[in-house]
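Trainee: Fold the following.
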Amino acid sequence: MENIFPVRVFLYPKIIIGREYIAMKITRNKRTVTVDLSGEIDHHSIREIREEIDKTLERSGAVNVAFELSNVSFMDSSGIGLILGRYKKVRAFGGQIIIIGASEAVKKLLRMSGVSDIVIMVDTSNDIPGVIK
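Mentor: Below you'll find the predicted structure:
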């Protein structure tokens with residue numbers, strides 16, 4: 001089993017109505033960067049998330065990105081753009097995008113946008129080794 005090394009943990013405060021947040025933890029192993037997100041993924045937080053993922057991909061040499069979304073309470077089209085942008089990057093190196101534990105609402109958004117047709121969707125992180133080439 002490969003070691004997983006924590007890279008960064010962030011809390012991005014944002015104001016919508018009251019005080020909301022997005023938490024992000026990025027880990028990597030030899031071939032995959034895993035992005036564990038909690039909270040709301042929208043235009044208030046997307047720039048920082050995208051920049052950190054891209055920096056980690058460039059530095060690590062990983063070719064796959066796994067998004068752990070089980071603690072995401074809301075995602076809009078900004079989240080779709082985040083996934084599609086990383087898809088374009090990893091496909092250039094033969095990699096894949098894996099979506100882990102998405103809620104029914106997020107799965108519906110991914111299906112409606114067509115993203116579910118180009119990514120691998122699994123229920124738990126234990127399902128990942130069997131689907132990555």
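Trainee: so who does the residue nearest the centre of the chain touch?
Mentor: The residue lying closest to the centre of the chain (Cα atoms, centre = their mean) is Phe67, at 2.8 Å. Applying Cβ atoms under 8 Å, 6 or more residues apart in numbering, we find Phe67 in contact with Val35, Leu37, Ile83, Ile97, Ile98, Ile99, Ile100. C-beta: built from backbone N, CA, C; applies to glycine.
Trainee: So which of these are in strands?
Mentor: Counted as lying in strands by DSSP state E, out of the contacts of Phe67, are Val35, Leu37, Ile97, Ile98, Ile99, Ile100.
Trainee: So which of those residues is the closest to Leu57?
Mentor: Leu57 has its nearest neighbour among these in Val35, at 10.1 Å by Cβ to Cβ.
Trainee: Write down the beta-bridge partners of Glu40, one by one.
Mentor: Legend: beta-bridge partners of Glu40 under DSSP bridges are Phe74.
Trainee: what's the spacing between it and Ser78?
Mentor: Here Glu40 is placed at a distance of 10 Å from Ser78 (Cβ to Cβ, to the nearest Å).
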